[in-house]
Each structure stands twice: as structure tokens, then as C-alpha cells.
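# Structure here, sequence nowhere to be found:
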């Protein structure tokens, strides 16, 4: 497993990281599923260990994943080890009625960080992220001051923002203009390429980039069909509706001949594409099993520049309209 420098920091992150949302297990915010359905903790622990054995040193979680359970599993697996780099997030919590409340107040960030450190069994979080904060939150400055205070106190090493899935630009522009933070987490994959201009600007400014949703909820693994359905406690139940699923699989048909050209699986091609785009520091596929840990870390290679460009060109030709439909379905 190769590593890459995360922006201008001293963090050397594995090209493939471990997306730890899934191992958080089922969780609900009112009647909205915010997890990936049932998981087996013993299997999750084996997945973490297998990923580490494959050379993965970057693990991305959040205090909202499984309402803390994902962090707890990482704490059990690695504790305060300096052999791994831990990224977590803050800003989402539940009200007493179970609904989602976004909180970027200074007091909450400090309290939440201490709670995350306890669950993670660490003295310091390597990279701490505001969980989809908006410009208004950043302008209030309380959250920025809180993050800088945590950094000065040695509770976190670096911080950044996990950007919105469908409109990442306002917050990225604000952070770049004010030279705040050390990087971005953003959605970038074969289908959703909206954030490409941000990746290019981040590279110019020395900011790290974490590419999340690299397999677009499983659409880019080649394993889903038009008949695929998801249980109600799986967030894909409302995201990958039958019409979106059918339209996505149809739009992807021109992509898959490249699998034969490179001798790759759909997953390997999807991850290799992202890692072939300049400016990406690491990609974080969701991993829940040892088999996924292996499948997501093998067979990766840099694609030919012409093939990367042809896949980028497909965005306007085939995927931009599809991403608009996805955003509309989520009310984004």
C-alpha cells in the first residue's frame, strides 16, 4: 500500500483508507435511517485488523456513526497506537425527540471532542472535521476558534471540513479564501464528479483531500442490479430508489469495458480512477468485512491519462443529470 502526504501536513496517509460509517451499525434519527443496517461487531473487528494488515493506516469515522459505536470499535482495535491515523467528525447530534440537530457551538465541539477521544481511547485525534458545516457556521467563528483551541491544547493535530455531497462549493470557497484548515473531505467518484474543481484548487493551495463515497453506495461495485432492494434501516432505502438504481446502472454501461482493458473488477477500476486524479490524498471506501478490506485494497493502478480524461468527460455526457436527480431525491 502506497502512502501520500496529506496536503501540507506531516500526515502520510495510505492511498486507500477505511470508511468506518458502516461498522457503526443501525441507527435512527427519528424515522430517518442514518446507518447501514445490521452489522456483526466481531466481523467489524476482523475487518479493521485485515485492513491494517493490508497496509491501511487511515481510518475515517464520526461521532454520529452508530451514535458513537464506530469510534468505540476503532478504539478497541487501535487505541493510542501511532501506527494509524484517525480522522473523526463533529457537529451532528440528536435532540431529545430523536431528530437531528446540527451544533457547531464552541462548547459542544469541545465536549464532543473529549467524548470522541474517550471512545477512541486516544490522546489526540489526528484530523478532526466539521461534519458538513455551512458558511454561516464558519462565519460565526465559534467553531473555528474551538478547533484552533483544541489544536493548541494537543487534543487534535489538524482540522478541516467534510463538505456537502451535492453543493460543496460555498464552504470550500470560504475556507480557501480565508486560508482555514488543512483539508477537505468531499464526494468524488465516477458518477459524482461535481467537486473536481475543488480538488484542483486544494492541490494548488496545499490542502489534503479525502474522497468519500468512492463506490456511490455500492453502485460502482458491479454487484447491484435493478432488482436490488434495501431494508428500511439502511439509508440506501431512500437514496437508491428503483428509478435511480435503474438510471444509474444504465448510465454506467459505457464505463465497464475498461474493466477488461485493465483486467480489473468494477471496484478496482472505480478506486483506481479516483486515485489517478491529481490532488486526491486518500480514498475511503466503506468497509464492513475482511473480504471488503481485501477487495478494496488490491488491484489498484494508475490509469492512462487518456482513459482518466474519457471518464471525466462522461460526467457531462451521462452523469451530471443523474446526480441532479439524486440531489433532488434527497431534497438537497
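That came through, no problem. Predicted, not measured: the structure shown is a model, and the values here were computed from it.

# low-scoring pLDDT stretches of the stretch 151-300 of the chain, where are they?
Along the stretch 151-300 of the chain, no part satisfies pLDDT under 70.

# One more pass at 90, please.
Along the stretch 151-300 of the chain, the parts satisfying pLDDT under 90 run over 217-218, 222-244.

# ranges for the strands of it?
For the stretch 151-300 of the chain, the strands defined by DSSP state E, counting those that start in this stretch cover 156-162, 183-187, 208-212, 282-283.

# Most tightly packed of those?
Highest mean neighbour count of the strands of the stretch 151-300 of the chain: strand 282-283, a mean of 29 (counted as mean count of other Cβ atoms under 10 Å). C-beta coordinates here come from the backbone N, C-alpha and C atoms, glycine included.

# what sits up against that strand?
4, 6, 13-17, 58, 208-211, 214, 271, 274-275 (Cβ atoms under 8 Å, 6 or more residues apart in numbering).

# Make JSON lines from the strands of the stretch 151-300 of the chain and add distance to residue 294 to it.
JSON lines is the format used below for the strands of the stretch 151-300 of the chain (distance: least, Cβ to Cβ, whole Å):
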{"stretch": "strand 156-162", "distance to residue 294": "27"}
{"stretch": "strand 183-187", "distance to residue 294": "24"}
{"stretch": "strand 208-212", "distance to residue 294": "20"}
{"stretch": "strand 282-283", "distance to residue 294": "16"}
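
# Which of those strands sits closest to residue 115?
Evaluated over these, closeness to residue 115 peaks at strand 156-162, with 13.5 Å, by Cβ to Cβ.

# what helices or strands is that closest one leaning on?
For strand 156-162, the packing partners by 3 or more Cβ pairs under 8 Å, 6 or more residues apart in numbering; DSSP states H and E come out as strand 125-131, helix 142-152, helix 169-178, strand 183-187.

# Can you add distance to residue 40 and give the ones you listed back as CSV?
Formatted as CSV, those follow (distance: least, Cβ to Cβ, whole Å):
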stretch, distance to residue 40
strand 125-131, 26
helix 142-152, 34
helix 169-178, 36
strand 183-187, 27
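
# For the lengthiest helix in the chain, buried residues please.
Taking DSSP state H as the criterion, the chain has its longest helix at helix 106-120. For helix 106-120, the neighbour count (16 or more other Cβ atoms under 10 Å) marks 106, 108-110, 112-113, 116-117, 119-120 as buried.

# List the residues that contact the residue most central in space within the chain.
Nearest to the geometric centre of the chain sits residue 212, at 3.0 Å (Cα atoms, centre = their mean). Residues counted as contacts of residue 212 (Cβ under 8 Å, 6+ apart) are 19, 60, 162, 185-188, 284.

# which regions of the stretch 1-150 of the chain lie under the pLDDT threshold?
Looking at the stretch 1-150 of the chain by pLDDT under 90, you get 1, 25-38, 95-100, 132, 140-141.

# ok so, going back, how about the helices and strands packed on strand 156-162, which one is nearest residue 255?
strand 183-187 (17.5 Å).

# State the paired neighbours of that closest one in the sheet, together with their directions.
Strand 183-187 pairs in its sheet with strand 156-162 (parallel), strand 208-212 (parallel), by DSSP bridges.

# I'd like the ones you listed written out as JSON lines, with distance to residue 126 added.
JSON lines is the format used below for the strands paired with strand 183-187 (distance: least, Cβ to Cβ, whole Å):
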{"stretch": "strand 156-162", "distance to residue 126": "5"}
{"stretch": "strand 208-212", "distance to residue 126": "11"}
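
# Can you tell me which of those strands is nearest to residue 47?
Checking those against residue 47 by Cβ to Cβ gives strand 208-212 as the closest, at 17.6 Å.

# all strands for the stretch 1-150 of the chain, in order.
3-5, 12-14, 18-19, 28-29, 32-33, 58-60, 85-90, 92-94, 100-102, 125-131.

# what residues does the third one touch?
Surrounding strand 18-19, the residues in contact under the criterion Cβ under 8 Å, 6+ apart are 47-48, 51, 56, 58-60, 212, 284-287, 293.
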